[in-house]
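>>> what follows is a protein structure lacking sequence information:
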């Protein structure tokens, strides 16, 4: 007899809907826009079993590649977008994110101006190394206010975004949560709930200077008469100085050790200080709560729309589903089963490269030694 836990798991699996899944056995369902850089399906230089993905293959190019799928809405359901990306080229500047677009996209003209619902994934360029989470709301794109660090090494990593009907989200990398929050608090999608009261301003007599000059502190008599520099008392007129030829000799000056700079009264606490003035706030009349910020009526395509200075990024194992468990199971059967083999292949390749470089160096040194020996022989013959 099946346990309740197993029955619950089977029930969840049966009710889950996977809208899109791509492991890149080929790329026949993907359309490359006419002005896009070249892409191809490959495992790259190191990979695990089934590690083939869609790779960017031309440097300094924009990439506009997309795959259409049956239209769906995420209204009243969990929604998960998850994908694997590997920057095996040790990326210096380029995107590694996906765009989820509504139905009706002209895939042949897909580019950075195409309207999308969600943009999600890593972006690395110079000091920028973050995970983009962007939601489009009524034609405006809203970027998450928080900075989520992206992975920058040369191995595969899985990025997961979970969006729920209660307006909350969870961003995961390699199955571990790195940022949770809500569309209301972590994005500037809605107008602020509170605004500064426009009818109020800081009173003219408000004292916000914490310290003042001590009125009892007086400048010492003769303070301003002390010069900043004085004649160097140790200077002597050079013996060969000729006033007729060189002009009248003037001794050099040095900093006056008695000079203390412009006089300033000492500072004391201001007895009239009231602290910083805080502008009172009122309810924002323009604030309107929207319980459907998370919801999109139409998803119809997945797009890769990135710029890369140095190409080589591999996108793989994309899934769109309404089931967190389904996405986790997909991560387990792909990334978790591939990562160790990928790492081993990487280590083996680097070790082979190290040995080849070592052998090449030895061969170069041997060749140089032989040349030096030949030169010595030639010198001896010349002397004879």
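Yes, it's here. Computed from a predicted model, the values in this text were never measured in an experiment. Numbering: from 1, shown residues only.
>>> hey, let's count contacts and neighbours off CA atoms from now on
OK.
>>> next one: stretch 30-37 to chain centre, how far?
Taking CA atoms, centre = their mean, to the nearest Å, one finds stretch 30-37 lying 26 Å from the centre of the chain it belongs to.
>>> how long is that stretch end to end?
Start to finish, the residues bounding stretch 30-37 are 14 Å apart (CA to CA, to the nearest Å).
>>> may I see the buried residues of it?
Buried positions in stretch 30-37, judged by neighbour count with 16 or more other CA atoms under 10 Å: 30, 31, 32, 33, 36, 37.
>>> what does stretch 36-48 give?
36, 37, 38, 39, 41, 42, 43, 44, 46, 47, 48.
>>> from the residues you listed, which two are the most distant?
36 and 48 (28.0 Å; CA to CA).
>>> so which of the buried residues of stretch 36-48 sit within strands?
Of the buried residues of stretch 36-48, the ones assigned to strands by DSSP state E are 39, 41, 42.
>>> ramachandran coordinates for the nearest residue to residue 52 once chain neighbours are set aside?
Leaving aside its chain neighbours, residue 52 sits nearest to residue 43 (3.9 Å; criterion: CA to CA, 6 or more residues apart in numbering). The phi and psi values for residue 43, taken as degrees, to the nearest 10, are phi -90, psi -10.
>>> identify the residues contacting residue 43.
By CA atoms under 8 Å, 6 or more residues apart in numbering, the contact set of residue 43 is 51, 52, 53, 314.
>>> just among the residues you listed, which is most surrounded?
Each of the contacts of residue 43 was scored by neighbours using other CA atoms under 10 Å; the highest score is residue 53's, at 28 neighbours.
>>> and that one, how far from residue 181?
If you go by CA to CA, the gap between residue 53 and residue 181 works out to 31 Å.
>>> cool, residue 37 as well?
Relative to residue 181, residue 37 is positioned 36 Å away (CA to CA).
>>> which stretches of the chain form helices?
Assigned by DSSP state H, the helices in the chain fall at 4-15, 243-246, 324-333, 335-383.
>>> tell me what the third one is packed against?
When contacts are defined as 3 or more CA pairs under 8 Å, 6 or more residues apart in numbering; DSSP states H and E, helix 324-333 packs onto strand 79-87.
>>> partner strands of the strand it packs on and their direction?
The pairing partners recorded for strand 79-87 under DSSP bridges are strand 156-163 (antiparallel), strand 313-321 (antiparallel).
>>> format those as TSV; extra columns: mean pLDDT and distance to residue 250.
Listed next are the strands paired with strand 79-87 as TSV, based on pLDDT from 0 to 100; distance: least, CA to CA, whole Å:
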stretch	mean pLDDT	distance to residue 250
strand 156-163	98	75
strand 313-321	98	73
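>>> okay if I get those as CSV plus distance to residue 61?
Formatted as CSV, those follow (distance: least, CA to CA, whole Å):
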stretch, distance to residue 61
strand 156-163, 22
strand 313-321, 12
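>>> so which of these gets nearest residue 201?
Shortest separation from residue 201 across those is recorded for strand 156-163, at 41.2 Å, computed as CA to CA.
>>> thinking again about what came up before, ok, of the ones in strands among the buried residues of stretch 36-48, which one's closest to residue 298?
Of all these, residue 298 sits closest to residue 39, with 27.3 Å by CA to CA.
>>> hmm, residue 53 and that closest one touching each other?
No. Distance between residue 39 and residue 53: 10.0 Å, which falls outside the contact criterion (CA atoms under 8 Å).
>>> nearest to residue 364, of the contacts of residue 43?
Proximity of those to residue 364 was ranked by CA to CA; the top entry is residue 314 with 36.4 Å.
>>> show me what contacts the closest one?
For residue 314, counting by CA under 8 Å, 6+ apart, the contacting residues are 42, 43, 44, 53, 54, 55, 56, 85, 86, 87, 88.
>>> what sits against the last one?
Neighbour list for residue 88: 44, 45, 153, 154, 155, 312, 313, 314 [criterion: CA under 8 Å, 6+ apart].
>>> start to end distance for stretch 213-233?
Stretch 213-233: ends 38 Å apart by CA to CA.
>>> start at 265 instead
With the count now opening at 265, the last piece we talked about shows up as stretch 477-497.
>>> give the rounded mean pLDDT of that stretch.
Taken as a whole, stretch 477-497 carries a mean pLDDT of 93.
>>> what comes up buried for it?
Of the residues in stretch 477-497, those with enough neighbours to count as buried (16+ other CA under 10 Å) are 492, 494.
>>> roughly how far is it from the heart of the chain?
Its chain's average C-alpha position is 55 Å from that of stretch 477-497, according to CA atoms, centre = their mean.
>>> what's the answer for stretch 444-457, then?
Shown here is stretch 444-457, whose average C-alpha point lies 21 Å from the average C-alpha point of the whole chain (CA atoms, centre = their mean).
>>> how about it: buried residues?
In terms of neighbour count (16+ other CA under 10 Å), stretch 444-457 has its buried residues at 446, 447, 448, 450, 451, 453, 454, 456.
>>> and stretch 427-439, by the same measure?
For stretch 427-439, a neighbour-count test (16+ other CA under 10 Å) marks 427, 428, 429, 431, 432, 433, 434, 435, 436, 437, 438, 439 as buried.
>>> format those residues as TSV; extra columns: distance to residue 570.
Putting these into TSV (distance: CA to CA, whole Å) gives the following:
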residue	distance to residue 570
427	23
428	27
429	29
431	28
432	27
433	24
434	23
435	20
436	21
437	20
438	22
439	24
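>>> list just the nearest of those to residue 511.
Of all these, the one with the least separation from residue 511 (CA to CA) is residue 437, at 79.7 Å.
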